[in-house]
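[1] fold the stuff below for me.
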Amino acid sequence: MLTGYRPDVTKVADLKTHFREALPNAITLPQLFKNNGYYSARVGKIYHYGVPSDIGTNGVDDSLSWDERHNPIGRDKTDEKLVTNLTSKRPLGSALAYLAADGTDEEQTDGMVATEAISMMQKNKDNPFFLAVGFFRPHCPFIAPKKYFEMYPVDQVPLPEQKVDDWDNKPEVAKYTIPLNWGLDEAQQREVLRAYYASITFMDAQVGRLLNALDSLGLANNTIIVFWSDHGYSVGQHGQWMKENLFESAARVPLIISVPGLTKGKPSERLVELLDVYPTLAELCGLQAPNDIQGKSLAPLLKNPAAKWDKPAYTQIDKRKFPGKYFPEMKVALGRSVRTEKWRYTEWDEGKEGIELYDYKTDPNEFNNLANNPKYAATVKELSSLLHKSYEGVKNIGK
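    Numbering: from 1, shown residues only. The predicted structure is shown next:
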């Protein structure tokens with residue numbers, strides 16, 4: 001998202017490789033604004049980052065992108081020993097673990113992130129600024145003040161529909177959570193989901209603090225706001241949890257863009273990608289983005305949410321990076337997926353480890369894999385071609 005290039009160009013498929021190893025001269029989104037006279041700053045989690053291990057550090061940050069950067073560390077980090085881990089064999093960064101915390105919002109890392117971001121806005125309210133505010137929650141472990149847990153009675157937390165025969169028509173390589181639900185019973189799943197909701201609501205309250213500050217500082221009518229997440233999250237769909245899969249629950253992300261005088265608060269049914277944020281912000285602010293970035297400006301959809309639009313969305317995951325201490329049972333391959341308004345088509349190891357096809361008009365929960373049904377052979381061929389176009393012929397991009 002921040003370079004404007006897909007993983008096949010950045011060569012980043014983990015949390016440790018720095019994109020500048022492959023793209024030393026890339027102009028990132030915040031760097032573009034910095035180079036054009038904007039104050040560019042980051043607070044919290046923006047570039048790749050180990051959570052919770054890297055809280056309070058720069059992580060795999062990019063110093064060229066910012067004039068200033070801050071890494072708060074709150075009591076959620078120091079109180080980790082109090083966390084309940086229902087998947088005790090997994091490290092906290094990929095565990096179904098939670099803590100209903102004592103203390104105030106402002107004592108948590110995300111509360112401190114919001115406080116620092118507000119201070120940055122106050123100091124720079126008379127100058128153009130590009131401010132990246134990275135909240136850690138709702139990343140696991142799910143930690144939030146107790147009041148947010150109390151908003152969700154655990155016996156009222158709904159679980160997603162799961163079917164006993166769901167995996168009869170899906171390739172094994174598509175699984176990340178093995179065994180399904182990591183063996184948690186329904187009561188434990190509700191515990192986790194309650195904590196996830198609490199973490200989201202806590203984070204949402206910090207976003208509210210930022211929006212209130214924009215209003216009080218008189219900046220709301222002259223500031224573009226982009227709210228997004230780097231991935232979706234499975235919470236039991238297909239027995240899967242977290243990310244590391246190519247189902248809709250993990251691939252689809254929240255994305256809200258507010259442009260003063262342009263957007264009217266209307267949703268769009270069109271498919272877009274996080275790659276599209278870079279060219280969109282550049283166009284809206286009159287800046288020249290690099291010519292070869294791979295996104296497409298969303299300005300037409302901001303003006304008319306129903307505008308004609310034929311761009312698909314792509315998702316990929318390299319599960320070959322995961323085998324080892326924590327994942328000895330997981331089958332691995334490179335997975336690639338293309339999403340249109342009607343279909344999702346997925347190939348594992350270019351189809352050698354399995355393919356998937358789901359019709360969202362009739363099967364929004366992805367229970368029925370149509371990929372091996374001869375009736376849909378033409379659709380599979382068409383979408384396979386569309387998928388391959390996303391990564392073939394990219395050798396010179398970013399150079």
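[2] before we move on, which element is residue 278 in?
    helix 277-284 (DSSP states H and E).
[3] name the residues of that helix that are buried.
    Within helix 277-284, the residues that qualify as buried are 277-282, 284, counting by 16 or more other Cβ atoms under 10 Å. For every residue, glycine as well, the C-beta is placed using N, CA and C.
[4] part of a strand, is residue 106?
    No. Using DSSP: H, G, I helix; E, B strand; the rest coil, the assignment for residue 106 is helix, not a strand.
[5] which residues does it contact?
    112, 115 (Cβ atoms under 8 Å, 6 or more residues apart in numbering).
[6] repeat for residue 59
    45, 47-50.
[7] equivalent analysis for residue 383, please.
    Residue 383 sits in contact with 338, 340, 343, 345, 357, where contact means Cβ under 8 Å, 6+ apart.
[8] three-state assignment of it?
    helix.
[9] and the contacts of the helix holding residue 278?
    1-4, 29, 32-33, 224, 226, 228, 255, 257, 259, 262, 287-289, 293, 295-299, 302.
[10] what backbone torsions are found at the nearest residue to residue 255 once chain neighbours are set aside?
    Once flanking residues are discounted, residue 255 sits nearest to residue 228: 5.0 Å by Cβ to Cβ, 6 or more residues apart in numbering. When read as degrees, to the nearest 10, the backbone of residue 228 gives phi -150, psi 170.
[11] element containing residue 116?
    Per DSSP H and E: helix 109-123 holds residue 116.
[12] average pLDDT for that helix?
    Averaging pLDDT along helix 109-123 gives 98.
[13] mind exporting the following helix or strand past that helix as CSV, just the C-alpha atoms?
    Using DSSP H and E, the helix or strand that follows helix 109-123 in sequence is strand 129-134. Taking C-alpha atoms only, strand 129-134 is exported to CSV below (Å, rounded to 0.1, in the frame of the first residue of the first chain):
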residue,chain,number,x,y,z
PHE,A,129,0.6,17.7,7.1
PHE,A,130,0.5,14.0,6.2
LEU,A,131,-0.1,12.1,9.5
ALA,A,132,-0.1,8.3,9.7
VAL,A,133,-1.8,7.0,12.9
GLY,A,134,-1.3,3.3,13.4
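[14] what about the contacts of residue 383, which are in helices?
    Among those, none falls in helices (DSSP state H).
[15] which of those lies closest to residue 233?
    residue 338 (20.8 Å; Cβ to Cβ).
[16] so the closest one sits right up against residue 311, yeah?
    No. Using Cβ atoms under 8 Å, residue 338 is not in contact with residue 311, being 10.9 Å away.
[17] and stretch 281-294, what's buried?
    281-282, 284, 289-290, 293-294.
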